[in-house]
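Q: My questions concern the predicted model and sequence given below.
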Amino acid sequence: LTSSMASRVLPAEKWIAGLTGEAHAQATGFFTVIRRGPGARLVAVPYSVEYQNTLAQAAQYLRDAAQLTTQPTLKKYLSTRADAFLSNDYFASDMAWMELDATIELTIGPYETYEDEWFGYKAAFEAFIAVRDAAETQKLGVFGAELQGLENALPIDAAYRNPKLGALAPIRVVNVVFAAGDGNRGVQTAAFNLPNDDRVIKEKGSKRVMLKNVQQAKFDKVLTPIAAVALAPADRSKVTFDAFFTHILMHEAMHGLGPHQVRATLRQSSEQAMAVRLALNDTYSAIEEAKADISGLWALQQLADKGKVSAEVAGAMYDTFLASAFRSIRFGLNEAHGKGIALQVNYLLDKGAFVVNADGTFSVATAKIKDAVAGLTHDLMTLEAEGNYAGAQDLLKKMVVIRPEVQRVLEKLKDVPVDIEPTFRNSEF
């Protein structure tokens, strides 16, 4: 939806509510813009029409690139994504992206919906070109086999769990050589879990892509100096890159776990369902980011109990998460990740799982953190499972604030960068 229509939210909501079938799918789908048509009526315009000249040129570039590679899965993704730019049907190319197994990990097209702060429906275009780190990818492959077990153990009503996740759950560790569009603006992405199409997730699962060189830069330039200010002196050595990296992995993994569909009639036997992202509307991004964060911490504890993560990561994960919370909250409370982390920090403070020391630094209360993490995981996933929009609104209104004890630490971090800002150079041929 265009920003010039922001004053007409109510008519737009009524228009969407009055649509059915394909018309409703187009209006709420990822790949259309909403415009005023003849007679000032709202209409959904496919990206392939709205951006046809740019997308036609981009499609040709992808086809040219497809001719240059000998790797079959990369060739297929490039070709099918070129077709999608012209047809506006991204399903086949998302399936091809899930199957991509090449030295170059390419992600290009409309994916994330964070920029749509009205309804959270519309996907922004992005591009990542990265080189796979084969050794690290192989090391993390073991986590893919644990996902169904984590789903089965989620601290929510058993009816809200998915008895069978998608067959594929690839994890790729990569080093980024170029990013553009939504992939290189504002807060830099450290990892992503895609695609967002529920049809693909149901059939294939989702892929977790870890941007290792980006994460290392964030850890060195931002997180380490934050820990030196925000945490008690005795806890600062517990902040480690491996714990930071592994929690980001579990954050992305947990985007693919938990409820993705909500029944139209809550807790009734109706077979009609809708996507959680539609049910939670503008609250979805913040709730989903908080859910992935806190349930990722819950999942790490589950894996630690089974000996699936190292003792070093198990011993460092909570303190590293606490330090990283101060990193993320600095993104601002008008941004999904910032909102999500503010919610978590305040919840954990209320539960006594985070404590403020006499000198103003923060520490983890070991005796309380596990139960608090499980409790918030339950609450957020239940909101999603039930499509409880009013409950999500209330929770965000209450918890998305910066409390004085947090603000005092933030004021001491003014000389620490908020984030990194990569500069990518193109080769000249």
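A: Here it is on my side, so go on.
Q: Please confirm that Gly387 is located within a strand.
A: No. According to DSSP: H, G, I helix; E, B strand; the rest coil, Gly387 belongs to no strand; its state is coil.
Q: Touching, it and Asn281? I think so.
A: No. When contacts are counted by Cβ atoms under 8 Å, Gly387 is not listed as touching Asn281 (9.7 Å). In short, each C-beta sits where N, CA and C put it, glycine included.
Q: For Arg208, which three-state class applies?
A: Classification of Arg208 using three-state DSSP returns strand.
Q: State the distance from it to Gly296.
A: Using Cβ to Cβ, to the nearest Å, we find Arg208 at a distance of 11 Å from Gly296.
Q: shared neighbours, those two?
A: Common neighbours of Arg208 and Gly296 are listed as 249, 252-253 (criterion: Cβ atoms under 8 Å, 6 or more residues apart in numbering).
Q: now, which of those lie within strands?
A: Nothing among the shared contacts of Arg208 and Gly296 maps onto strands, per DSSP state E.
Q: can you pick the most crowded of those residues?
A: Of all the shared contacts of Arg208 and Gly296, the highest neighbour tally under other Cβ atoms under 10 Å goes to Ala253, namely 26 neighbours.
Q: Next, work out how far apart it and Leu383 are.
A: Relative to Leu383, and taking Cβ to Cβ, Ala253 is found at 20 Å.
Q: what does Phe143 give?
A: From Phe143 over to Leu383 (counting by Cβ to Cβ), the distance is 26 Å.
Q: And Gln261, by the same measure?
A: Per Cβ to Cβ, Gln261 is found 14 Å from Leu383.
Q: Kindly report the same for Leu150.
A: For Leu150, the distance to Leu383 - Cβ to Cβ - is 19 Å.
Q: So between the two, which is more surrounded?
A: When neighbours are counted by other Cβ under 10 Å, Leu383 comes out ahead of the other of Leu150 and Leu383, with 25 against 21.
Q: pretty sure Val176 is in a strand, no?
A: Yes. Inclusion of Val176 in a strand is indicated when three-state DSSP is applied.
Q: Helix or strand for the nearest residue to it once chain neighbours are set aside, just tell me which one.
A: Nearest non-adjacent residue to Val176, counting by Cβ to Cβ, 6 or more residues apart in numbering: Ala130, 4.7 Å away. Under the criterion of DSSP states H and E, Ala130 resides in strand 125-132.
Q: Put the alpha carbons of that strand into PDB.
A: The C-alpha trace of strand 125-132 is given here as PDB (Å, rounded to 0.1, in the frame of the first residue of the first chain):
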ATOM      1  CA  PHE A 125      13.000  -6.800  -3.200                       C
ATOM      2  CA  GLU A 126      16.400  -7.800  -2.100                       C
ATOM      3  CA  ALA A 127      19.600  -9.500  -3.300                       C
ATOM      4  CA  PHE A 128      22.300 -11.500  -1.600                       C
ATOM      5  CA  ILE A 129      25.300 -13.000  -3.400                       C
ATOM      6  CA  ALA A 130      27.300 -15.100  -1.100                       C
ATOM      7  CA  VAL A 131      29.900 -17.900  -1.200                       C
ATOM      8  CA  ARG A 132      29.200 -21.000   0.800                       C
END
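Q: picking that back up, contacting residues for the residue nearest to Val176?
A: 104-107, 174-177, 209, 211.
Q: on that earlier part again, make JSON lines from the shared contacts of Arg208 and Gly296 and add distance to Arg408 and pLDDT to it.
A: Formatted as JSON lines, the shared contacts of Arg208 and Gly296 follow (distance: Cβ to Cβ, whole Å; pLDDT from 0 to 100):
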{"residue": "Leu249", "distance to Arg408": "32", "pLDDT": "90"}
{"residue": "Glu252", "distance to Arg408": "32", "pLDDT": "86"}
{"residue": "Ala253", "distance to Arg408": "34", "pLDDT": "86"}
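Q: which one of these sits closest to Ile156?
A: Ala253 (16.3 Å; Cβ to Cβ).
Q: Please tell me how far the closest one sits from Asp157.
A: To Asp157, Ala253 is 21 Å away according to Cβ to Cβ.
Q: Check which residues of the longest helix along the chain are buried.
A: What stands out as the longest helix in the chain, according to DSSP state H, is helix 284-305. For helix 284-305, a neighbour-count test (16 or more other Cβ atoms under 10 Å) marks 284-304 as buried.
Q: can you give me how far the following helix or strand past it is from the chain middle?
A: Using DSSP H and E, the next helix or strand after helix 284-305 towards the C-terminus is helix 311-329. Chain-centre distance of helix 311-329: 18 Å, with Cα atoms, centre = their mean, to the nearest Å.
Q: next one: stretch 277-295
A: 9 Å.
Q: same question for it, mean pLDDT?
A: Here stretch 277-295 scores 94 as its mean pLDDT.
Q: any idea how far the closest residue to Lys308 other than its chain neighbours is from Val356?
A: Of all residues not flanking Lys308 in the chain, Glu146 sits nearest, at 6.3 Å (Cβ to Cβ, 6+ apart). With distances taken as Cβ to Cβ, Glu146 is found 35 Å from Val356.
Q: which helices and strands sit right next to the helix or strand of the chain with the lowest mean pLDDT?
A: Taking mean pLDDT, DSSP states H and E as the measure, helix 9-17 is the helix or strand of the chain with the lowest mean score, a mean of 76. Counting contacts by 3 or more Cβ pairs under 8 Å, 6 or more residues apart in numbering; DSSP states H and E, helix 9-17 packs against helix 21-28, strand 42-46.
Q: how about a cut-off of 7 Å?
A: helix 21-28 (3 or more Cβ pairs under 7 Å, 6 or more residues apart in numbering; DSSP states H and E).
Q: so where's the protein uncertain?
A: Under the criterion pLDDT under 70, the flagged ranges of the chain are 1-10, 166-168, 263-272, 427-429.
Q: again, only using 80
A: 1-12, 141, 166-169, 263-273, 426-429 (pLDDT under 80).
Q: Pull the longest helix of the chain out as PDB, backbone CA atoms only.
A: Extracted C-alpha coordinates of helix 284-305, given in PDB (Å, rounded to 0.1, in the frame of the first residue of the first chain):
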ATOM      1  CA  TYR A 284       3.000  -9.900  13.300                       C
ATOM      2  CA  SER A 285       6.600  -8.800  12.500                       C
ATOM      3  CA  ALA A 286       7.400  -7.800  16.100                       C
ATOM      4  CA  ILE A 287       5.600 -10.800  17.700                       C
ATOM      5  CA  GLU A 288       7.300 -13.200  15.200                       C
ATOM      6  CA  GLU A 289      10.800 -11.700  15.800                       C
ATOM      7  CA  ALA A 290      10.300 -11.900  19.600                       C
ATOM      8  CA  LYS A 291       9.000 -15.500  19.200                       C
ATOM      9  CA  ALA A 292      12.000 -16.500  17.100                       C
ATOM     10  CA  ASP A 293      14.500 -14.900  19.600                       C
ATOM     11  CA  ILE A 294      13.100 -16.400  22.800                       C
ATOM     12  CA  SER A 295      12.200 -19.800  21.400                       C
ATOM     13  CA  GLY A 296      15.600 -19.900  19.800                       C
ATOM     14  CA  LEU A 297      17.000 -19.600  23.300                       C
ATOM     15  CA  TRP A 298      14.600 -22.300  24.500                       C
ATOM     16  CA  ALA A 299      15.700 -24.600  21.700                       C
ATOM     17  CA  LEU A 300      19.300 -24.100  22.600                       C
ATOM     18  CA  GLN A 301      18.600 -25.200  26.100                       C
ATOM     19  CA  GLN A 302      16.800 -28.300  24.700                       C
ATOM     20  CA  LEU A 303      19.800 -29.100  22.500                       C
ATOM     21  CA  ALA A 304      22.300 -28.400  25.400                       C
ATOM     22  CA  ASP A 305      20.400 -30.900  27.600                       C
END
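Q: Much appreciated, bye for now.
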